[in-house]
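Chemist: here you go, sequence then predicted model.
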Amino acid sequence: MRVTDLARRADTTAETVRHYTDLGLLTPRRDPHNGYRQYNGVDLSRLRFALKARSLGFTLGDVRELIEESEGGETPCPRVRSLIEARLAEVEARIRELSELSARMRAAMDDWSRAPDCHLGDGRVCGLIDSFNAESAAPR
């Protein structure tokens, strides 16, 4: 199957197929008559695997390592478990950071709703930001 056929069967874009091919995750053969890339069922399985792995937070580097491990006759499942555990910790930490940022932004919006707009002639850029006290807006 060609690039567009593979993309359609995996519910992705031809650009994704080309990118994954350029990275070596997919290994099509070249049609000797026209030079087109020809993908097979293994490529479709790998592409679906890569897309699912990406949806779970795995990097393309992770995907490559997992494919190589599998091709080497080893099961990558223990590595998958450890990687997802690490990624989950990273995501949860990021969620906490974003939640704190959201609280600061809401506090700023609340403070600024009562403040006048003004042009400062003393070298400061924006009095709203200068007046914001991040410590008082920190979640308790």
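Modeler: Okay, I see it.
Chemist: which parts of this protein are strands?
Modeler: 29-30, 37-38 (DSSP state E).
Chemist: quick check: which of these is nearest to P76?
Modeler: strand 29-30 (25.0 Å; Cβ to Cβ). For the C-beta atoms, the positions are set from N, CA and C on the backbone; glycine is no exception.
Chemist: what are the pairing partners of the closest one, and which direction each?
Modeler: Using DSSP bridges, strand 29-30 pairs in its sheet with strand 37-38 (antiparallel).
Chemist: what's in contact with the strand it pairs with?
Modeler: Strand 37-38 is contacted by residues 1-3, 21, 28-31 when judged by Cβ atoms under 8 Å, 6 or more residues apart in numbering.
Chemist: low-confidence ranges, this protein, go.
Modeler: 134-140 (pLDDT under 70).
Chemist: how long is stretch 63-83 end to end?
Modeler: Using Cα to Cα, to the nearest Å, one end of stretch 63-83 lies 11 Å from the other.
Chemist: returning to that earlier point: for my notes, please list the strands of the chain in TSV and give distance to T16 and mean neighbour count for each entry.
Modeler: Below are the strands of the chain laid out as TSV (distance: least, Cβ to Cβ, whole Å; neighbours: other Cβ atoms under 10 Å):
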stretch	distance to T16	mean neighbour count
strand 29-30	20	10
strand 37-38	14	17
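Chemist: could I get those strands as JSON lines with distance to S102?
Modeler: JSON lines is the format used below for those (distance: least, Cβ to Cβ, whole Å):
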{"stretch": "strand 29-30", "distance to S102": "50"}
{"stretch": "strand 37-38", "distance to S102": "45"}
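Chemist: between those, which one is nearest to S99?
Modeler: strand 37-38 (44.9 Å).
Chemist: chain center to the closest one: distance?
Modeler: 28 Å (Cα atoms, centre = their mean, to the nearest Å).
Chemist: swap in stretch 15-33?
Modeler: So, by Cα atoms, centre = their mean, the centroid of stretch 15-33 is 22 Å from its chain's centroid.
Chemist: for stretch 9-17, same thing?
Modeler: With Cα atoms, centre = their mean, you get 17 Å for stretch 9-17.
Chemist: for that stretch, buried residues please.
Modeler: By 16 or more other Cβ atoms under 10 Å, the buried positions in stretch 9-17 come out as 10, 12, 16-17.
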